[in-house]
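From the sequence below, what's the structure:
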Amino acid sequence: MGKNISEGVNLSYGYGTYRLRILFDPLEQPVAFWLRGIQASSAVQLNGVAESSIGKPDVDKRYYKPSNPSYTSSYSRLGTREIELIIQVANFDNPYNGGIVQSIRFGSQAAIDYTRWYSIGFQLVTFITLMLHGLYIFIFYLFNPKERTLALVFLLTIAVATATIAGYDNLLLVWLPINYTWALKVKLLSQLWQPLLILLVFRGLTSYKLNSVWWLNIYTTLLTLYTASLLVAPATFANRSIDLGIFGLLYILPFLRFVYAIILIILKEQNDTAGSSCCCLRQVSYRTYSGPY
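All right, here's what the predicted structure looks like:
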């Protein structure tokens, strides 16, 4: 049940409530729910008791506050045979994906906590490792500023590290005092620039040259314009650009160019190998026909 303020225009703006009854044998250990990626704010009740609230869901957009990191809600009253889960959600920032957009995990509190903290721990280890690599790469760059590839590798490492904590469990919202809009922008930009950086690093570390420089210039200009628009636009623009395919198109183009470059290099090596083999065969045939010296 809920209220959709966008009736007739097929948008996901509005307020709503999810209700689920779970029946089981008398509860012998605490249980928990793991909620992830609810758009764009939520509050949970278990058997009528308010457990968790992420952001501030409200019918009125003026009083609504978005936030969507992952979180858990637990119930520990032993002997219970029924749990009524109520999730109140509100969304005024994502035009096409509102409410529960990812599956909710349910199980014993020990199992849920273990899985969740294992995931968070792995993200933290990955983030710290990448940041340390980025640090010493930056130090190498300071010793040799003319080596621009080192600067590109540093930027790529930072982008991957940022995308790691900005995605999945959205730890960025927990660590830094930023709102939903800026967390979304940081997540998108850290992902968006990775393919171009990979392509440029590949060019710097190999002998391959990008013949179509005009294509690279046009793409970089478009990417810069999109980045500038994203920085000043609201979260609605960012989410809409994803659903319209603008983000996906800008993301995939450098990857296609990268795959094309790999194929060209493989074909060139095969041609070089074939040419060398033909030269050897001609030399052997000539020596065989002419006889020994």
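
Contact partners for F138?
If a contact means C-beta atoms under 8 Å, 6 or more residues apart in numbering, then F138 has 150, 154 as its contacts. To be clear about C-beta, it is placed using only N, CA and C from the backbone, and glycine gets the same treatment.

what does V89 give?
V89 sits next to 2, 15-18, 38-39, 41-42, 57, 98-100 when contact means C-beta under 8 Å, 6+ apart.

could you redo the last one with a cut-off of 10 Å?
For V89, the contacting residues are 2, 14-18, 38-44, 54-55, 57, 68, 98-100, by C-beta atoms under 10 Å, 6 or more residues apart in numbering.

That one looks like it's in a strand, true?
Yes - assessed with DSSP: H, G, I helix; E, B strand; the rest coil, V89 lies in a strand.

ok, what's across the strand from it?
According to DSSP bridges, G16, S42 are recorded as the beta-bridge partners of V89.

What pLDDT does the model give it?
Note on V89: pLDDT of 95.

List buried residues within the contacts of V89.
Using 16 or more other C-beta atoms under 10 Å as the burial test, the contacts of V89 include 14-16, 18, 38-44, 54-55, 57, 68, 98-100 as buried.

Okay, helices next: where are they in the stretch 101-250 of the chain?
Remark: helices of the stretch 101-250 of the chain, listed N- to C-terminal, are 109-143, 148-166, 171-175, 180-192, 194-205, 213-232, 235-243, 246-290; assignment by DSSP state H, counting those that start in this stretch.

I'd like to know which of these has the weakest mean confidence.
Among the helices of the stretch 101-250 of the chain, helix 246-290 carries the lowest mean pLDDT (a mean of 66).

Show the model's pLDDT score for the spatially most central residue of the chain.
Closest to where the C-alpha atoms of the chain average out (C-alpha atoms, centre = their mean) is G167, at 4.7 Å. Reading off the per-residue confidence, G167 sits at a pLDDT of 84.

Contacts only, for the residue lying closest to S41 once chain neighbours are set aside.
Setting aside the residues directly before and after it, S41 is nearest to G55 in space (C-beta to C-beta, 6 or more residues apart in numbering), at 2.9 Å. Shown here is G55, whose contacts under the criterion C-beta under 10 Å, 6+ apart are 38, 40-43, 64-69, 89-91, 173, 179-180.

Wait, Q29 touches I112, no?
No - with the criterion set as C-beta atoms under 10 Å, Q29 and I112 do not qualify as a contacting pair; they are 11.4 Å apart.

More neighbours: these two, which one.
Taking other C-beta atoms under 10 Å, Q29 and I112 do not tie; I112 has more neighbours (20 against 10).

Okay, E28 and L85: tell me how far apart.
Here the criterion is C-beta to C-beta, to the nearest Å. By it, E28 lies 19 Å from L85.

mind checking pLDDT for G291?
The predicted structure scores G291 at 45 on the pLDDT scale.

now swap in W34 and tell me
With respect to pLDDT, W34 has a value of 94.

My read is that it contacts S73, right?
Yes - W34 lies in contact with S73 (C-beta under 10 Å); the separation is 8.6 Å.

Overlap in contacts, the two.
The overlap between the contact sets of W34 and S73 (C-beta under 10 Å, 6+ apart) consists of 104, 112.

Tell me how many other residues surround K268.
K268 has 11 neighbouring residues, counting by other C-beta under 10 Å.

if I look at it, how far off is Y226?
Taken as C-beta to C-beta, the span from K268 to Y226 is 33 Å.

Stretch 234-242: which residues count as buried?
235, 237-242.

cool, stretch 136-146 as well?
Buried positions in stretch 136-146, judged by neighbour count with 16+ other C-beta under 10 Å: 137-138, 141.

chain center to it: distance?
28 Å (C-alpha atoms, centre = their mean, to the nearest Å).

now do stretch 236-245
On the basis of C-alpha atoms, centre = their mean, stretch 236-245 is displaced by 15 Å from the centre of the chain it belongs to.
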